[in-house]
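S.K.: Fold the stuff below for me.
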Amino acid sequence: MKKRVLALLPVALSFAILAGSASVASAANVNQETVLTGKVVSAVSVGTSVQEGDTLVTVQTITGPMVAARSNVDGVVTQVNVKANDSIQRGQVVAVVDGK
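M.R.: From the prediction side, this is the model:
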């Protein structure tokens with residue numbers, strides 16, 4: 001029984017280390033990319049608290065304004081790389097969120 005517990009100890013420590021590093025990684029700045037190409041209609045402001053799924057940037061499309069970037073983490077916007085009337089390309093980093 002003692003040998004079995006000692007054999008499982010390294011596995012348990014590995015899980016603990018991975019869990020700790022995952023929580024540290026989620027607190028880092030996270031780049032937010034646009035999924036659309038177009039002219040920016042609106043963008044969130046630096047310092048805004050956001051939840052996952054909140055709109056960060058909208059662009060003008062043929063059918064009207066559409067969400068081009070949503071936050072993929074909860075946190076606070078620390079950087080906005082675009083402003084109204086800027087042209088953006090799909091995949092471009094438009095904002096940075098400091099995740100919780």
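
S.K.: Below-threshold pLDDT in this structure: ranges please.
M.R.: 1-27 (pLDDT under 70).

S.K.: Which parts of it are strands?
M.R.: Assigned by DSSP state E, the chain shows strands spanning 29-33, 38-43, 49-50, 55-61, 64-70, 75-80, 87-88, 93-99.

S.K.: Rebuild those as TSV, extending it with mean neighbour count.
M.R.: (Glycine included, C-beta is placed from N, CA and C.) TSV is the format used below for the strands of the chain (neighbours: other CB atoms under 10 Å):
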stretch	mean neighbour count
strand 29-33	17
strand 38-43	18
strand 49-50	16
strand 55-61	20
strand 64-70	17
strand 75-80	17
strand 87-88	16
strand 93-99	20
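
S.K.: Now residue 87. Nearest residue, chain neighbours left out?
M.R.: residue 39 (5.5 Å; CB to CB, 6 or more residues apart in numbering).

S.K.: my guess is that neighbour contacts residue 58, does it?
M.R.: No. The pair residue 39 / residue 58 is not scored as a contact, 10.1 Å apart, by CB atoms under 8 Å.
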